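1. okay, sequence plus prediction incoming.
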Amino acid sequence: MRAIHNSQTIDVPESVDLDVLGSVVNVKGKRGVLKRNFKHNNVTLAYDKESRKLTVNKWFGTKKQLAAVRTICSHVENLCKGVTYGFRYKMKAVYAHFPINISVTNGGKTVEIRNFLGEKRVRIVAMLDGVLCEASKVKDEYWFSGNDIEAVSRSAALVRQSVLVKKKDIRKFLDGIYVSEKTTVESMEEEN
């Protein structure tokens, strides 16, 4: 069964400049510019600059196509939050016996992981565009920061997947690098 019309509206913050060209959304804030293309979804995007509201419309959509309306709104909200506050994932190295040695090289663009479960192999993980890794003051903690939440989370996932335990009982061998906290680069309490 197809619904005749479904729409959802989001409010755009004052600190963000938003442009809509067809299905392409450009968001500019104090931390930079992000661009997102929604052409794969057959929806219409309408932005009213006076009321600062973005409306996503879907006509004659199936149940799965109607679910994409809310998803697009969430993506745009994440773009606005990213150019205003930025995103930061905090990861911790966890080990039982062999200490995992992590070094951040190439100005935060590359992560080298050594001595995982005593292996001699060096794992090299390149960060995605716009993501920087830095060592925290806390032991075995590393911060992945950027404006695009998808790039930050995918970079953290690449590091996590590079140290998966193979051919052992994962209930016993809990060594790895895990996401401990998801937060923003700049504090959100200052605005409220």
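-> Ah, there it is. Numbers count the residues shown, from 1 in each chain.

2. backbone dihedrals for the spatially most central residue of the chain, please?
-> Geometric centre of the chain, nearest residue: Ile149, 2.0 Å, by CA atoms, centre = their mean. Per-residue torsions, Ile149: phi -60, psi -30 (degrees, to the nearest 10).

3. next, the contact list for it, please.
-> By CB atoms under 8 Å, 6 or more residues apart in numbering, the residues touching Ile149 are Asn78, Lys81, Gly82, Phe87. Yep, even glycine has a C-beta here, placed from its N, CA and C like the rest.

4. how about 10 Å then?
-> Residues in contact with Ile149, defined by CB atoms under 10 Å, 6 or more residues apart in numbering, are Leu34, His75, Asn78, Leu79, Lys81, Gly82, Gly86, Phe87, Tyr89, Lys182.

5. as CSV, those with pLDDT, neighbour count and secondary structure would be great.
-> As requested, the contacts of Ile149 are exported to CSV (pLDDT from 0 to 100; neighbours: other CB atoms under 10 Å; DSSP: H, G, I helix; E, B strand; the rest coil):
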residue, pLDDT, neighbour count, secondary structure
Leu34, 94, 22, strand
His75, 95, 16, helix
Asn78, 94, 18, helix
Leu79, 94, 25, helix
Lys81, 93, 19, helix
Gly82, 93, 26, helix
Gly86, 93, 21, coil
Phe87, 95, 22, strand
Tyr89, 96, 24, strand
Lys182, 94, 13, strand
